[in-house]
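In: The following block contains a protein sequence and its predicted model.
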Amino acid sequence: MLRTLTTTLAASLALTAGAIAQENGFQTTELEDGIYMIANDRAGNVGLIEAGDHLILIDTQMPPFLDDLEAAVRGASGGRTPTLVINTHFHGDHVLGNAHFAALGAGILAHRNVAERLANPVTSQLTGRTPAALDEAFLPDILVSEAMMLSRFGVTGEVLHFANAHTDGDIIVNIADANIIHMGDLLFSGRYPFIDLDAGGSVEGFIAALDEIIGFSDDETRFIAGHGPLSTRDDLIASRDMLIEGRARVAALVEEGHDLAAIQEQNPLSDFHDAWNWGFITTERMIWTFYRDITGLTQ
């Protein structure tokens, strides 16, 4: 049975038996014995794994939420703090809590490109912003190239790298014995994804990553999305199919000689808008992403 810890008593009364009210802004769902999804829908979804002497936290959100996130972690684990943090990629809403949990004794595991991106950030052409460089307290000290088994941390599972997808440093956490996968931002469930073209991401790489994960998962696999609700394989398939179709539509207009302004005017994603548009990656920004990915141009 799922055990959900919610932020208000009213919400908890609407849940199944075992619900406990929390006043920390987070909802914690126990997916299996000792495996949790912790979410507030204001930064990246967090995973938590109890594994004997190890307590593994997947992603660390960001400073405004850290005291409450720590409280949620302690509440789920009987007062413990993480011994290991796994970063699924380098974006701030997933890693800006690293120093907080490192100070509590956690090591930090990530793909080797994450350390480089955190120390040497680049300007986003999408937002026009340049993130601040982070000091050593935030940087990973356990580096992954392609894959790593998690048996040394008491987990039957692995981390897997997918190149040039959401970024150039994406890893997923595949908890094989529980058939649960934390996707990081390789899944924006039911939303247009953010594909960070300035940090090594690509539409084709994102599609290829989803294809591979769809291939080795099944209908019983549960997916912790980087953003959005607990998801199924069908949600990955829907995201992949939307990206394939959307890119093809924009590519056809590029082939006809249309520039970005003309393509935005024609809005080839209009029928996707109601289902996929959201605050950060709007339909307009998704068209821009496809156009830039295809042409290399920003306008």
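Out: Nice, I can see it. Numbering: from 1, shown residues only.
In: CA only for contacts and neighbour counts going forward, please
Out: Will do.
In: Export the helix ranked longest in the chain to CSV, keeping only CA atoms.
Out: Determined from DSSP state H, the single longest helix within the chain is helix 233-255. Extracted C-alpha coordinates of helix 233-255, given in CSV (Å, rounded to 0.1, in the frame of the first residue of the first chain):
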residue,chain,number,x,y,z
ARG,A,233,6.0,3.5,-19.0
ASP,A,234,3.0,4.9,-21.0
ASP,A,235,4.0,8.4,-19.8
LEU,A,236,7.5,7.9,-21.3
ILE,A,237,6.0,6.6,-24.5
ALA,A,238,3.7,9.7,-24.7
SER,A,239,6.7,12.1,-24.2
ARG,A,240,8.8,10.3,-26.7
ASP,A,241,6.0,10.3,-29.3
MET,A,242,5.3,13.9,-28.8
LEU,A,243,8.9,14.8,-29.3
ILE,A,244,9.2,12.7,-32.5
GLU,A,245,6.1,14.2,-34.0
GLY,A,246,6.8,17.8,-32.9
ARG,A,247,10.4,17.7,-34.2
ALA,A,248,9.2,16.3,-37.6
ARG,A,249,6.6,19.1,-38.0
VAL,A,250,9.2,21.8,-37.3
ALA,A,251,11.8,20.1,-39.5
ALA,A,252,9.3,20.1,-42.4
LEU,A,253,8.7,23.8,-42.1
VAL,A,254,12.5,24.5,-41.9
GLU,A,255,12.9,22.4,-45.0
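In: Not counting it itself, show me its contacts.
Out: Applying CA atoms under 8 Å, 6 or more residues apart in numbering, the external contacts of helix 233-255 come out as 187, 189-192, 203, 207, 210-211, 214, 217-223, 263, 268-269, 272, 287, 290-291, 294.
In: for the next helix or strand after that helix, the distance to its chain's centre please.
Out: Where DSSP states H and E defines the elements, the next helix or strand beyond helix 233-255 is helix 260-266. Its chain's C-alpha centre and that of helix 260-266 lie 30 Å apart, by CA atoms, centre = their mean, to the nearest Å.
In: Check stretch 154-162 too.
Out: 15 Å.
In: Just the CA trace of that stretch, in PDB.
Out: Only the C-alpha atoms of stretch 154-162 are listed here, as PDB (Å, rounded to 0.1, in the frame of the first residue of the first chain):
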ATOM      1  CA  GLY A 154      23.500  -1.800  -0.400                       C
ATOM      2  CA  VAL A 155      21.200  -1.400  -3.400                       C
ATOM      3  CA  THR A 156      20.400  -3.900  -6.200                       C
ATOM      4  CA  GLY A 157      20.500  -1.400  -9.000                       C
ATOM      5  CA  GLU A 158      22.700   0.900 -11.000                       C
ATOM      6  CA  VAL A 159      23.100   4.400 -12.300                       C
ATOM      7  CA  LEU A 160      23.200   4.800 -16.100                       C
ATOM      8  CA  HIS A 161      24.400   7.700 -18.200                       C
ATOM      9  CA  PHE A 162      22.600   9.000 -21.300                       C
END
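In: Kind regards, and thank you for your time.
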